[in-house]
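Enquirer: sequence and predicted structure are below.
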Amino acid sequence: MTCALCRDCCEIVAGPAEVCVRCGGTRLLAHVEIESLGIAHVDCDAFYASVEKRDRPELAREPLIVGHAGGRGVVVTACYVARTFGVHSAMPMFQALELCPHATVIAPDMGKYKRVSEAIRTIFSSATSVVEPLSLDEAYLDLTDDYRTEAPPAAEALATISRRIESEIGITVSIGLSWNKFLAKLASELHKPRGFSVIGRAEAKGFLAPLSVRKIHGVGAVTARRMEASGLKTIGDLQALKDQELVARFGKFGQRLALFAQGDDDRAVTSYRPVKSISAEITFGQDTASGGRLREIAQGLCDRVAAQLARKGVAGTSIVLKLKTSDFSILTRSRRLAHPTQRASLIFESIAALIDREADGRTFRLIGVGVADLGSATAADPADLFTFAGCASDTGGTAEAKS
């Protein structure tokens, strides 16, 4: 029997309905499996921007960008109004303001966002003890019966969470409910902002079939291009192949592809998963030996890493450069800072120094930038402390890569 959840009063009503019999609300979510699914992904809608709009209600209907204006600043996040102008996260600030010149720009306040995030997690914990934070603004929740006794159905508990966050915190969330993490995250992306979507077992394969292979967990840009070049553009293309063929093409990762393509995911929701490092890398279209070219590309990677550090509310003291030579040897070099940072300019300062040391005429096909030894951003970037703790030190040396 199909049941419907009223997102206004959290009542679950038997049978299809257009109006809630309890409160008269019309925000009903109907699904035949709604009472049996228990894995959720909860994502705050434009988190930083929403918190700033909460605190400055006069900006409620105005375009708002969170990030550092001027120089080489990047967009950390943008409200949904600003996104209609084409503004998005990690975009250079000058470009964002060209697209939306009347936007208000506010510098990120990581201390405030962390406090809001902790309050939200307290609400999560009222429904289940198994909460896996992914960043300050999103988390997986396991609301299966294994972790909850004499509790309402997961969908009802999630609707209550959504209402509490909206009324107590002052921002909105989007929720995805399914039977595993992969599908729950996809579901949460379907109807943002303030969405609540369900993907059940019965429709999972059909839902996945037309989606790009890029939607699969673990498929990055390079892997996606490789798959697309071989004719595998949609998840449906993967579904048509036997597991053995996927393994033959993609090795061990082919086993994961086979599972995800069928809508299966055996990853458990875990209560604690520390982030050890954040990095970004790019493979060049053509190998280069130019130190200037390496620095130019590294600058963009530093901006991306800094944006991710800010998003996750962390900072690090170890700056890591990764280079892959034209013969597929991998070099890693690092430099330690005296104080944790999430500033792109400080990250780049270290990376540029390391590049200058390694750009000795060899040709490179890949460059990566990372920040490790992560901790809370609350102690990051003292205003008057921009010095290194010591000289650069190698952490990886040269290793043979199998390509």
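Expert: It's in.
Enquirer: residues in contact with residue 30?
Expert: Going by C-beta atoms under 8 Å, 6 or more residues apart in numbering, residue 30 touches 2, 3, 4, 5, 16, 17. All C-beta atoms are positioned from the backbone trio N, CA, C, and that covers glycine.
Enquirer: those: which two are farthest apart?
Expert: Using C-beta to C-beta, those reach their maximum pairwise distance at 5 and 16, which is 12.2 Å.
Enquirer: the more surrounded of the two?
Expert: The neighbour comparison of residue 5 against residue 16 (other C-beta atoms under 10 Å) goes to residue 5, with 26 against 11.
Enquirer: tell me the secondary structure at the more buried one.
Expert: strand (DSSP: H, G, I helix; E, B strand; the rest coil).
Enquirer: residues in contact with it?
Expert: 11, 12, 13, 28, 29, 30, 34, 155, 156, 159, 196.
Enquirer: beta partners for the fifth one?
Expert: Each beta-bridge partner of residue 29 is listed here, defined by DSSP bridges: residue 5.
Enquirer: with the second one instead?
Expert: Note on residue 12: beta-bridge partners by DSSP bridges are residue 5.
Enquirer: would you verify that residue 375 is located in a helix?
Expert: No: with three-state DSSP as the criterion, residue 375 is located in strand rather than a helix.
Enquirer: and residue 311, that one's in a helix?
Expert: Yes: under three-state DSSP, residue 311 falls within a helix.
Enquirer: burial of it, as a residue count?
Expert: Neighbour tally, residue 311, other C-beta under 10 Å: 23.
Enquirer: can you count the residues close to the residue nearest to it when sequence neighbours are not counted?
Expert: Using C-beta to C-beta, 6 or more residues apart in numbering and skipping the chain neighbours, the partner closest in space to residue 311 is residue 135 (5.7 Å). Using other C-beta under 10 Å, residue 135 is surrounded by 16 other residues.
Enquirer: need phi/psi at residue 135.
Expert: Phi and psi for residue 135, reported as degrees, to the nearest 10, are phi -170, psi -170.
Enquirer: any idea of the pLDDT on it?
Expert: Reading off the confidence values, residue 135 has pLDDT 90.
Enquirer: what ranges does the stretch 251-400 of the chain have for its strands?
Expert: All strands of the stretch 251-400 of the chain, identified by DSSP state E, counting those that start in this stretch, fall at 277-288, 314-325, 329-341, 364-376, 393-400.
Enquirer: which residues are in contact with the first one?
Expert: With C-beta under 8 Å, 6+ apart as the contact definition, strand 277-288 has outside contacts at 222, 294, 297, 301, 304-305, 308-309, 312, 314, 316, 320, 322, 324, 326, 363-374.
Enquirer: quick one on the thing from earlier: quick check: the residue nearest to residue 311 touching residue 307?
Expert: No: when contacts are counted by C-beta atoms under 8 Å, residue 135 is not listed as touching residue 307 (11.7 Å).
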